[in-house]
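# curious how this folds, go ahead:
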Amino acid sequence: MNAISKISGSDRYARCIQTSKRVRWDIDADVIRGRRFDIAHKFLPDGLSLADAFTTLSTDEKRFVSQIQGRTYANVFGLVERFINAKVLELSHDHWFGDQVALEALVRFSDEELKHQALFRRIDAMVGDVLPDGYRFDIDPNGVARAVLGKSTWAVLGLTLDIELFTQLHYRQSIDPDAELSELFKDVFLYHWKEESQHAILDELEWVRHDAGLTAEERDRAVDEFIELVAAVDGILQVQAKADAGYFAATCGRVVGEAEARAIEAAFLNAYRWQYIHSGAQHPHFGKVLSGLITENQGQRIQAALATLR
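Numbering: from 1, shown residues only. The predicted model follows:
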């Protein structure tokens, strides 16, 4: 039995509302607090940036890589939270004339996602103030959202739960005692985590609720669409890894040869695949929820697809 079924759905929604009220935070008063980013510090911990994989770089250059990845982190989350919020608002329709507790929980979810988008826009601008000119993130969040929302709700909720669960891992890694890690970026992880923890619960509730109304054939098609969404995410990561590697080479202050440039791009891509795909797909709770909804054959199809992203 899925653990979520041991407590009534309405009680779980109510608990999310209570926690949302308790942990609610403000971008300026709680997160930024008048601070600026300092390029003497890393923005992402080594466990996320996979700094050790950038074998040709100096310590200072690896720090710069973490700062580039930190800016991309802000942009990627601004992007994914665009489609997550749209899907949450769509799902809220199912509760308009039903469970008003569930409706309130989803409305709060949406409000918090809008705030998170605003936070990450601020972080992108603040990082841009301290890093060299030339950084690019040319992926259109609205275009991505339209493409994602063209897939089945089951597939979108699966991807969303994957994303919201890996934020939990990212927070745990950000609080690792590392004197070189930016305190401001640690707080970004902390406050994002405080609300994303509730979002992951709501994702699961809605995914299980939606799944209960599907036929076996509909679910099987949805599994294929989930695989397609993961592949689409990987396509975005490939584009940004290339852009970020080029930005590093252009602004690091030395000549980067062709072979080293390829290795740096590959290291960026591996880091991004870990951050935005594998850290969620390997999360034990994601595996538990997913396996409770699909057949063994469907699970093998998903695992085979993930194995190609190495």
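
# could I get the full set of helices for this protein?
9-23, 46-49, 59-92, 100-130, 141-149, 153-174, 183-211, 216-251, 258-273, 279-281, 284-291, 296-307 (DSSP state H).

# for the third one, packing partners?
Using 3 or more Cβ pairs under 8 Å, 6 or more residues apart in numbering; DSSP states H and E as the contact definition, the elements that helix 59-92 packs against are helix 46-49, helix 100-130, helix 141-149, helix 153-174, helix 183-211, helix 216-251, helix 258-273. Where C-beta positions appear, they are placed from N, C-alpha and C, glycine not excepted.

# what is the fifth one packed up against?
I take that to be helix 183-211. helix 9-23, helix 59-92, helix 100-130, helix 153-174, helix 284-291.

# same check, this time on the third one
Judged by 3+ Cβ pairs under 8 Å, 6+ apart, helix 141-149 is in contact with helix 59-92, helix 153-174, helix 216-251.

# gap between residue 132 and residue 53?
Using Cβ to Cβ, to the nearest Å, residue 132 is found at 23 Å from residue 53.

# with neighbour numbers in mind, choose between the two.
Between residue 132 and residue 53, counted using other Cβ atoms under 10 Å, the more crowded position is residue 53 (18 against 15).

# tell me the confidence at that one?
Looking at residue 53, its pLDDT is 97.

# these two touch, right, it and residue 272?
No - with contacts defined as Cβ atoms under 8 Å, residue 53 does not count as touching residue 272, sitting 11.6 Å away.

# what's the spacing between the closest residue to residue 34 other than its chain neighbours and residue 217?
In this structure, residue 34 finds its nearest non-sequential neighbour in residue 28, 7.9 Å apart by Cβ to Cβ, 6 or more residues apart in numbering. Relative to residue 217, residue 28 is positioned 50 Å away (Cβ to Cβ).

# and if you look at residue 199?
30 Å.

# the nearest residue to residue 221 once chain neighbours are set aside: what's it in contact with?
Here the nearest residue to residue 221 in space, its sequence neighbours aside, is residue 152; by Cβ to Cβ, 6+ apart that works out to 7.0 Å. Residue 152 makes contacts with 218, 221-222, 225, as judged by Cβ atoms under 8 Å, 6 or more residues apart in numbering.

# could you export these as CSV, including pLDDT?
Formatted as CSV, the contacts of residue 152 follow (pLDDT from 0 to 100):
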residue, pLDDT
218, 98
221, 98
222, 98
225, 98
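
# buried subset of the residues you listed?
Among those, those scoring as buried are 221-222, 225 (criterion: 16 or more other Cβ atoms under 10 Å).

# dump these into a markdown table; add distance to residue 64 as well.
A markdown table is the format used below for the buried ones among the contacts of residue 152 (distance: Cβ to Cβ, whole Å):
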| residue | distance to residue 64 |
| --- | --- |
| 221 | 44 |
| 222 | 41 |
| 225 | 38 |
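
# which of those residues lies closest to residue 77?
Checking the buried ones among the contacts of residue 152 against residue 77 with Cβ to Cβ, the nearest one is residue 225 at 22.4 Å.

# quick check: that closest one touching residue 151?
Yes - the pair residue 225 / residue 151 is scored as a contact, 4.4 Å apart, by Cβ under 8 Å.

# most centrally placed residue in the chain?
For the chain, the residue nearest the mean C-alpha position is residue 163 (4.3 Å; Cα atoms, centre = their mean).

# report the contact partners of that residue.
Residue 163 neighbours (Cβ under 8 Å, 6+ apart): 80, 84, 276, 280.

# pLDDT below threshold where in this structure?
Applying pLDDT under 70 to the chain flags residues 1-9.

# can we see that at 90?
Within the chain, the segments meeting pLDDT under 90 span 1-10, 167-180, 310.

# for it, identify the residue most remote from the centre.
residue 255 (33.1 Å).

# got phi/psi on that one?
In terms of degrees, to the nearest 10, the main-chain angles of residue 255 are phi -80, psi 130.

# which residues touch it?
Residue 255 touches nothing, counting by Cβ under 8 Å, 6+ apart.
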